[in-house]
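Asker: have a look; sequence and predicted model below, questions after that.
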Amino acid sequence: MGVKVSGAQLTNYKDANGNTITGTPKLVGPAGVEFMGKNCHVHFGQNTRFKGTISFRRDNSTVTIGRDSWFRGVMSLGLDCNITFGDDVYCGRDLYMTTAEGADITLGNDILISDSCY
């Protein structure tokens, strides 16, 4: 059983399982982070906009979204995974990103991703 953090709770969250959320995203629709593992972390950079779901399926994973970036979609992370967005990354609607055990996804700075990418 996991814990879902949403809305105003998405600011500087910490729980007994070592899961954390740092930074304060500007919500542009329904948004949440689901922790089903332990020691998972989300960092929202300055002026980040967020709509959708980040779901940690296992332990020890991290999501970092850089400053002035937009994320609208779903992220799903397995055990020991990382998803990193640089600064000024813009995601169109309905982006779906998933990582399996030990895998990483890294996007640099100044990137545009179109709508409905899976």
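Answerer: Sure thing, it's come through. Residues are numbered from 1 along each chain as shown.

Asker: where does pLDDT dip in the chain?
Answerer: 1, 118 (pLDDT under 70).

Asker: try it again at 90.
Answerer: The chain contains residues with pLDDT under 90 at 1-2, 7-8, 92-94, 114-118.

Asker: please work out which residues outside the biggest strand by length in it touch it.
Answerer: In the chain, assigned by DSSP state E, the strand with the most residues is strand 26-35. Outside of strand 26-35, the residues that reach it under the criterion CB atoms under 8 Å, 6 or more residues apart in numbering are 2-7, 10, 13, 15, 17, 19, 21, 25, 42, 47-56, 70, 72. Using the backbone N, CA and C atoms, a C-beta is placed for each residue, glycine as well.

Asker: partners of that strand in the sheet?
Answerer: strand 3-6 (antiparallel), strand 49-56 (parallel) (DSSP bridges).

Asker: between these, which one is closest to residue 116.
Answerer: strand 49-56 (12.9 Å; CB to CB).

Asker: returning to that earlier point: for the helix or strand just after the longest strand of the chain, buried residues please.
Answerer: The helix or strand immediately downstream of strand 26-35 is strand 41-44, counting by DSSP states H and E. For strand 41-44, the neighbour count (16 or more other CB atoms under 10 Å) marks 41-42, 44 as buried.
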